[in-house]
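# Show me the folded form of this:
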Amino acid sequence: MSFFFTALATADAKISAAIIGAMTTVFVSISAVIITQRQTKAREVEEAHRAKKVEIYEKFIKTVTSIVAGENDEVSMQAPSQQELIDYLVDFKTEIMLWGSPEVIKAQLEFERVSKNGGDIFEAVNNLYKSIRKDIGLSNSGLNNLELIKLYLKDPNELDELRALGASK
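As a prediction, the model looks like this:
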């Protein structure tokens, strides 16, 4: 290296400038290729993870839907048994520990805390749904009034009325 730099310093300024320019071009080109390859690999890994996350979260949403629908006489879907639900939730927690974002894990823990200690269960579930959506790359923009919970209700205003009753007590 020292020989190269000595030769470059003693060479004609035009030749040195041309060599430095060529070396810079090669260095920038190689750097750009490396960065592009890393970004492509990261996108491929992210897409592979997204597919697994969608599978996990879709099963979770279907389980919650079956619980809600099982309480509705107009829907033929049956709710899981207590043991089926417990077994499923243990599996779900294992899966989100491996695949879920920190936000999903925190939202699940908050949901469990609210379920045991009291609090706004609707808000906790809605936040869990929003963190799931965010984790798979969906926007939650404009979803500020428990719309994800209201999707399951025959009358979306029913939740607002129920919450108003709870607040007035």
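
# biggest helix in the chain, by residue count?
helix 13-70 (DSSP state H).

# could you point out which element follows that helix?
As assigned by DSSP states H and E, the chain's next helix or strand after helix 13-70 is helix 82-99.

# Can you list the helices and strands that that following helix packs against?
Applying 3 or more Cβ pairs under 8 Å, 6 or more residues apart in numbering; DSSP states H and E, one finds that helix 82-99 contacts helix 13-70, helix 102-117. Every C-beta, even on glycine, is put in place using the N, C-alpha and C of the backbone.

# any idea of the angle the longest helix of the chain forms with helix 82-99?
Angle, helix 13-70 to helix 82-99, by axes from the mean of the first three to the mean of the last three Cα atoms, to 10 degrees: 170 degrees.

# The residue most central in space within the chain: what's it in contact with?
Nearest residue to the geometric centre of the chain (Cα atoms, centre = their mean): residue 135, 0.8 Å. Neighbouring residues of residue 135 by Cβ atoms under 8 Å, 6 or more residues apart in numbering: 53, 57, 100, 101, 103, 104.

# Verify the stated contact: residue 150 with residue 163.
No - the pair residue 150 / residue 163 is not scored as a contact, 11.0 Å apart, by Cβ atoms under 8 Å.

# So, low pLDDT: which residues of this protein?
166-169 (pLDDT under 70).

# quick one on the thing from earlier: to the chain's geometric centre, what's the distance from the longest helix of the chain?
On the basis of Cα atoms, centre = their mean, to the nearest Å, helix 13-70 sits 16 Å off its chain's mean C-alpha point.

# Mind giving me the packing neighbours of that helix?
Judged by 3+ Cβ pairs under 8 Å, 6+ apart, helix 13-70 is in contact with helix 2-10, helix 82-99, helix 121-135.
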